[in-house]
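**Q** Give me coordinates for this.
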Amino acid sequence: MVSRRTLLQAGGAALAAGGLGISLPGRADAAPAGRAVPLLPSFGRPTRLDVADVSSLDGNDQLLLTTLQGVVNRGRPRLYFNFDEDDVDLRWLPGTGASVTRHDNALDLVALHRNDVHGAILHDPGVPDSVNVATTLAGLENAVAATAEQAREHRLRTVVDLRGRFDADDVVATYRWQLDHLFPRCAHTLLAGLPPTRTVRAEGVRWREIAREAGRVRDASNRQVRTFDLSAELTGGDGVYLRFQDSFGDDGWGASVGSVKVTADDGQVIAAFTPGTADEKPYLFDSSGSSLGDNAHRFCDGSGYFIYRFTPPSGTRQLLVEADVWNQFLVSATTTAPTRVEPFPYFRDYAVAARAMVVWLPPSGATGALLDEVFGRVGPTTPYTGWFSNDVAGEWGGVDRASRHGIEVVPADFYMNGTVHAGVPAKISDKVRPKPKAPLRDRVYLTLTVGEGDNIQYCQRRMRNIWDDPARGRVPVNWTVSPLLADIGPALLAYYQSTATDNDLLIAGPSGAGYTYPGSWPEEALDAYTGLTGRFLRRTGMDLVYAYNPRNAAGDGWVPFEERVVRSYRENTPLRGIIQSWETGDLRIRPAGIPVIGNFFPQGKAVEYRDGLLRHIEDWDGAAPLFIAGAVNAWSWTPGDIAELAALLGDPFEIVRGDTFFDLVNRAG
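**A** You can find the predicted model right below:
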């Protein structure tokens, strides 16, 4: 349990452990009479912005500045930051319409706005989750989250000192305390789920490749215990680091590890463990890019990785690792600490400004039970903004838990400057684009959909990069976007609408007004979600959706949409068709009169994708139209890749926009 130690405010005033003894500024959750309450809040129109680059700052300084940004921008957006080297934040800046004052040193803004904050909430460097508690308190107390050293450096008085308050090994107790004592004072219209820390790669680390799977193995057929000789790494340093990666970054079948055994000279065992157990914990240096599988193994896909650290006895001459490894593995080693851990700073401006409670509760076990309780404290359609831990498994488990409580998820943990973008006025079109006419023939009609659009950070960052590709517009493509951008980033949505070509169709990302599994929603709350979705679809001129539903009992596929769910969509939205996440492409149903087609998701790039399509139509006799909803990986494909695929597809394929596609589906019967 959390120790009941007191918290001290500056000036020596003691705070009882059962409550912080702080007063809150008045809440203004309700909109003025006659004005619709937005689902996601905005904080006014930016007219003048202080702009600075924070891309080279560490996580502590970025945390200080983003919580400052939240307090300052709550009254009127005045602070705007560029977070990464590709300058995507600066590309959105002109669209704010605000006058700009640039600052060479971002930390100078702390002194400039010192009088706008009440002081600092000191988080505990030894307790990562105290970063989230400090962020919640920053929103409640109009303060910044900082280390004690930062508070001294910037002459900020201590409002609350969280050092020594929580036990780093008792995450449940930390968030239980926050739920009991802070949540009653928070806004109840928004929840935030943010990782307390991030892992940053160190510069100049040299890795030695140990082993690599050169083939695309996706069925564990290469599973075996392999021995890796790390004796070459016994040259000093602070240990030996062993990294597992995906040897191919364009699909989902990276390195999987079922067991690890490490021996030194004469067979002395210095480590032996199964992933996911307590025995693994002392050696797991960096797990942030990996997930645990159902069968006691750790895996990583795409750009993910995980790293073990071993400390051999002094004088060791030989170091061998026996690892049970399979799928597309890449194994390498180094003697230099490859990463460091620091606070995760992103999206905290929005959470602070909204006075949201910030948590990070893995959706399983005791933390999952507490997450259920958090969800149970708010009403249906309350957005959970941020994300979940444990990668894919966390996504499925977290979204399903939220859905069962009538909560939609808004992936936003890397959404930057949200307090500014939410207030930028923009003309959003509510007109449905005219669909191109096409004759119905005995052909294979393919509609291609770029996923991830529910993810507002994707809409802000990755989508902007690939959207600006000159190859966009050569091929008919459906682009999923979040209709919730109408609240939290109207100028972003207006940009995509106004620059779309005749071949670009914006459709709603999963599964409408926020990412959710509609089949998991309580019967009494489902209409609230589809009603919210209908409101945003009409506002943004969309009438197609790419949607998810829960996983099936076996965990190897999805549950098709049932009549009650699609009927709710039909009665409350303007949808004319649904593309359901399915991957094998063999779903075509019409519950409640709306066509639902499962997507088909071949792995690999253009040639492999083409070959997958050809295998998929091997049994087609050409006597009737065939319809395929093809999925496109938003993180690895570009418009140029899509154009390459289109060039490879001749007769009998015809690529059409989604609206034309569903028109043809309906005409085919």
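**Q** any weak-confidence spans in the stretch 1-150 of the chain?
**A** 1-36 (pLDDT under 70).
**Q** can you give me the helices for it?
**A** Taking DSSP state H, counting those that start in this stretch as the criterion, the stretch 1-150 of the chain carries its helices at 59-75, 88-92, 108-112, 130-141, 148-153.
**Q** burial of residue 620, as a residue count?
**A** Using other CB atoms under 10 Å, residue 620 has 14 neighbouring residues. The way it works is simple: take the backbone N, C-alpha and C, and place the C-beta from them, glycine included.
**Q** That one against residue 626, yeah?
**A** Yes - taking CB atoms under 8 Å as the definition, residue 620 is a contact partner of residue 626 at 5.0 Å.
**Q** Confidence-wise, which helix or strand of the protein is lowest on average?
**A** strand 7-8 (a mean of 28; mean pLDDT, DSSP states H and E).
**Q** so which of the helices of the stretch 1-150 of the chain gets nearest residue 218?
**A** helix 88-92 (32.7 Å; CB to CB).
**Q** same for the closest one, what does it pack against?
**A** Contacts defined by 3 or more CB pairs under 8 Å, 6 or more residues apart in numbering; DSSP states H and E place helix 88-92 against strand 79-82, helix 462-467.
**Q** now with 10 Å?
**A** Taking 3 or more CB pairs under 10 Å, 6 or more residues apart in numbering; DSSP states H and E as contact, the helices and strands that helix 88-92 lies on are strand 48-53, strand 79-82, helix 418-421, helix 456-460, helix 462-467, helix 490-499.
**Q** Residue 522 is nearest to which of the ones you listed?
**A** Closest among the helices and strands packed on helix 88-92, using CB to CB: helix 456-460, at 25.5 Å.
**Q** And the closest one, what's buried?
**A** For helix 456-460, a neighbour-count test (16 or more other CB atoms under 10 Å) marks 456, 457, 458, 459, 460 as buried.
**Q** Same question for stretch 205-218.
**A** Result for stretch 205-218 [16+ other CB under 10 Å]: buried residues 210, 211, 213, 217.
**Q** Report the separation between the residue of the chain most remote from its centre and residue 148.
**A** Distance from the C-alpha centroid of the chain, by CA atoms, centre = their mean, peaks at residue 266 (46.4 Å). Counting by CB to CB, to the nearest Å, the gap from residue 266 to residue 148 is 48 Å.
**Q** Show me the beta-bridge partners of residue 479.
**A** Beta-bridge partners recorded for residue 479 (DSSP bridges): residue 450, residue 506.
**Q** Name all residues that make contact with it.
**A** Neighbouring residues of residue 479 by CB atoms under 10 Å, 6 or more residues apart in numbering: 448-453, 459, 463, 466-467, 472, 496, 500, 504-507, 509, 632, 634, 658.
**Q** With residue 548 instead?
**A** Residue 548 touches 395-396, 399-400, 403, 454, 509-511, 515-520, 558-559, 561, 580-582, counting by CB under 10 Å, 6+ apart.
**Q** re earlier: right, so of the helices and strands packed on helix 88-92, which gets closest to residue 643?
**A** Here helix 462-467 is closest among those (CB to CB), at 12.2 Å.
**Q** what packs against that closest one?
**A** Counting by 3+ CB pairs under 10 Å, 6+ apart, helix 462-467 packs on helix 88-92, strand 444-450, helix 456-460, strand 477-481, helix 490-499, helix 639-648.
**Q** I'd guess the residue farthest from the centre of the chain is in a strand, am I close?
**A** No - counting by DSSP: H, G, I helix; E, B strand; the rest coil, residue 266 is not found in a strand; it is helix.
**Q** That one contacts residue 313, correct?
**A** No - counting by CB atoms under 10 Å, residue 266 does not reach residue 313; the two are 11.1 Å apart.
**Q** before we move on, back to that, who wins for proximity to residue 250 among the helices and strands packed on helix 462-467?
**A** Nearest of the helices and strands packed on helix 462-467 (CB to CB): helix 639-648, 9.8 Å.
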